[in-house]
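>>> need the 3D shape of this:
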Amino acid sequence: MAVGALVKKVQNIMREDAGVNGNAQRIEQMVWMFFLKIYDAKEEEWELVQDDYQSIIPDEFKWRNWAVDHNDGKALTGADLLSFVNNELFPTLSSLTITKSTTQGQAIVRYAFESAHNYMQDGILLRRVINAINDEVDFTEYKEVHAFGEVYETILKDLQSAGQSGEFYTPRAVTDFMAQRLDLKLGESIADFACGTGGFLTSALKILDKQVETPEDRELYQRSVFGQEKKQLPYLLCATNMFLHDIDDPRVYHTNSLDKDIRDYKDQKDGLYDAVLMNPPYGGSEQDVIKANFPIALRSSETADLFMALIMYRLKPNGRAAVILPDGFLFGSDGAKLELKRKLLDDLNLHTIVRMPGSVFAPYTSITTNILFFENGKKTEGTWFYRMDMPEGYKHFSKTKPIQLKHFDKVVEWWDDRKEIEVDGSPKAKYFTAQELKDLQLNFDQCGFPHEEEEILPPDELIKQYKAKRETLDREIDAKLKQICDILGIEA
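Coordinates of the predicted model:
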């Protein structure tokens with residue numbers, strides 16, 4: 001199987017179908033089919049090792065029984081295939097019965113299809129797509145499953161290019177770096193409360209997999225990660241991702257993790273985690289009923305602020321976190337941000353902030369982001385700030401020149417031997433005591449980037465960059481306007 005060729009082949013077939021509009025829909029169409037084929041392969045494995053295995057999917061709706069073409073002229077195609085998918089398959093899978101004895105690995109099928117769609121309107125083209133998927137990859141073969149991981153990355157990059165709903169997916173180099181810095185151990189519980197397609201969870205699993213030596217270790221590995229995702233398509237991608245990483249009973253849930261009073265976690269042991277890895281959604285806002293789940297001082301119009309509060313409440317004693325936040329959090333001076341920063345200093349140990357270049361997520365957004373590393377269990381004595389400059393030979397990261405794990409080498413070198421660094425009269429790495437940060441009115445905007453001349457980018461990237469800046473400003477203005485209107489008691 002040529003890496004990436006399958007995705008392109010399938011997308012090209014879909015372009016002939018009038019019902020599929022745009023790359024985002026083509027990806028969503030592909031994903032539910034890949035999910036069913038992968039799930040069917042996992043079921044074949046479970047049937048071999050479990051004497052009493054019972055599938056949640058009725059036999060006639062299993063991929064092997066309707067999607068595979070045996071070249072005997074009996075395979076569904078055309079109007080018959082379209083009718084089966086739209087009128088039987090989707091209604092059945094989206095309403096599967098879930099009981100207390102249903103495992104998460106089984107329930108995931110229903111959750112995956114509750115909001116899924118079949119966009120294709122041509123049953124013959126749909127058959128061609130299904131045949132291409134069946135012909136090109138065999139998910140019962142170990143090597144093919146792991147090779148498909150590369151195809152999966154192609155899908156994620158295409159989804160990122162689609163840029164739908166302002167969603168941006170964290171580069172794999174960033175998720176790997178963050179997971180490595182937390183020094184994850186097998187047996188620990190690791191969570192992402194807005195897990196998207198599962199990038200952070202898979203970075204954690206790569207580390208834990210190297211520590212597996214016994215069957216008992218493999219059981220710990222299976223139970224190690226936890227995720228929640230509000231939106232259907234990223235959730236479906238995440239569930240598929242977990243199966244590809246040998247998690248048979250994925251603890252990933254299609255839900256809004258903010259939809260619970262965070263004060264309920266205070267005296268509980270359940271729902272707390274040893275480590276949290278996250279890139280919280282930012283620039284969005286939640287309804288008042290969601291904000292009511294937070295103490296008054298922590299209620300915010302900015303989604304990222306609410307997730308920061310959630311993380312603080314859901315870390316175990318001595319638990320640790322690595323979280324990506326935009327610059328606006330560092331210098332923000334509204335009530336919720338100030339209270340969150342005060343809690344980071346007084347209630348947790350905010351030991352490191354790594355300031356990343358503004359183009360890490362380019363060309364999909366120009367928002368400058370930072371990684372905050374903190375621990376639960378003791379208050380902050382001091383915080384290190386480190387500015388991660390662009391690697392030699394780069395002025396900006398881009399779609400064709402993305403950030404790579406090796407670009408973090410200098411950060412890792414400094415991390416292991418911390419010292420203050422000054423470049424051209426401005427600090428690149430500097431230590432601030434907690435009191436010094438309080439004296440700065442909790443302004444965490446330290447060791448920032450000096451002003452740079454604007455690079456002349458290719459027209460397509462320049463357009464995307466300006467559109468991203470405009471969307472960012474629009475979101476910030478809308479959020480601030482809503483905040484003012486809430487205070488005045490009028491509708492925005």
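
>>> can you show me the strands along the chain?
Secondary structure of the chain (DSSP state E): strands located at 190-192, 225-229, 252-254, 273-278, 315-326, 348-355, 369-376, 382-387, 421-423, 426-433.

>>> how about these in TSV, adding mean pLDDT, distance to residue 293 and mean neighbour count?
C-betas here are computed from N, CA, C, even on glycine. Compiled in TSV, those are given as follows (pLDDT from 0 to 100; distance: least, C-beta to C-beta, whole Å; neighbours: other C-beta atoms under 10 Å):
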stretch	mean pLDDT	distance to residue 293	mean neighbour count
strand 190-192	98	17	27
strand 225-229	96	14	24
strand 252-254	93	17	21
strand 273-278	97	18	24
strand 315-326	96	17	20
strand 348-355	98	20	22
strand 369-376	97	20	21
strand 382-387	98	28	22
strand 421-423	94	42	12
strand 426-433	96	32	16
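
>>> what's the closest of those strands to residue 137?
Minimum separation from residue 137 across the strands of the chain (C-beta to C-beta) falls at strand 252-254, 22.6 Å.

>>> okay, the strands of the chain in a markdown table with distance to residue 26 next?
Formatted as a markdown table, these follow (distance: least, C-beta to C-beta, whole Å):
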| stretch | distance to residue 26 |
| --- | --- |
| strand 190-192 | 26 |
| strand 225-229 | 21 |
| strand 252-254 | 22 |
| strand 273-278 | 29 |
| strand 315-326 | 28 |
| strand 348-355 | 36 |
| strand 369-376 | 29 |
| strand 382-387 | 39 |
| strand 421-423 | 46 |
| strand 426-433 | 44 |
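
>>> of these, which is nearest residue 50?
strand 252-254 (21.3 Å).

>>> what strands line up against the closest one, and which way round?
If you go by DSSP bridges, strand 252-254 pairs up with strand 225-229 (parallel).

>>> before we move on, the earlier item: right, and the strands of the chain - which one's nearest residue 286?
Going by C-beta to C-beta, the one of those nearest residue 286 is strand 225-229, 14.4 Å.

>>> put the alpha carbons of that closest one into CSV.
Below are the C-alpha coordinates for strand 225-229, written out as CSV (Å, rounded to 0.1, in the frame of the first residue of the first chain):
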residue,chain,number,x,y,z
VAL,A,225,-5.5,7.0,28.6
PHE,A,226,-8.8,8.9,28.8
GLY,A,227,-10.3,11.4,26.4
GLN,A,228,-13.4,13.5,25.9
GLU,A,229,-14.4,15.2,22.7
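
>>> okay, the angle between it and strand 273-278?
Put simply, strand 225-229 runs at 40 degrees to strand 273-278, going by axes from the mean of the first three to the mean of the last three C-alpha atoms, to 10 degrees.

>>> what about strand 225-229, distance to the chain center?
Its chain's average C-alpha position is 9 Å from that of strand 225-229, according to C-alpha atoms, centre = their mean, to the nearest Å.

>>> show me the contact partners of it.
189-196, 198, 201, 204-205, 235, 238, 242, 247, 250-257, 273 (C-beta atoms under 8 Å, 6 or more residues apart in numbering).

>>> what subset of those residues is buried?
Buried by 16 or more other C-beta atoms under 10 Å: 189-196, 198, 201, 204-205, 235, 238, 242, 247, 250-254, 257, 273, out of the contacts of strand 225-229.

>>> closest one to residue 402 among the strands of the chain?
strand 369-376 (14.6 Å).

>>> and residue 124, how many neighbours does it have?
Around residue 124 there are 14 other residues, counting by other C-beta atoms under 10 Å.

>>> residue contacts, it?
Residue 124 makes contact with 77, 78 under the criterion C-beta under 8 Å, 6+ apart.

>>> just the pLDDT for it.
With respect to pLDDT, residue 124 scores 97.

>>> do the same with residue 11
Per-residue confidence (pLDDT) for residue 11: 88.

>>> touching, it and residue 26? I think so.
Yes: contact criterion C-beta atoms under 8 Å: residue 11 and residue 26 qualify, at 5.1 Å.

>>> which of these two has more neighbours?
Neighbours were counted for residue 11 and for residue 26 using other C-beta under 10 Å; residue 26 has more, 25 against 18.

>>> could you pull up the residues touching the more buried one?
Shown in contact with residue 26 (C-beta under 8 Å, 6+ apart): 10, 11, 14, 15, 20.

>>> ok, now which ones touch the residue lying closest to residue 402 once chain neighbours are set aside?
In this structure, residue 402 finds its nearest non-sequential neighbour in residue 171, 5.9 Å apart by C-beta to C-beta, 6 or more residues apart in numbering. Residue 171 sits next to 360, 361, 402, 403 when contact means C-beta under 8 Å, 6+ apart.
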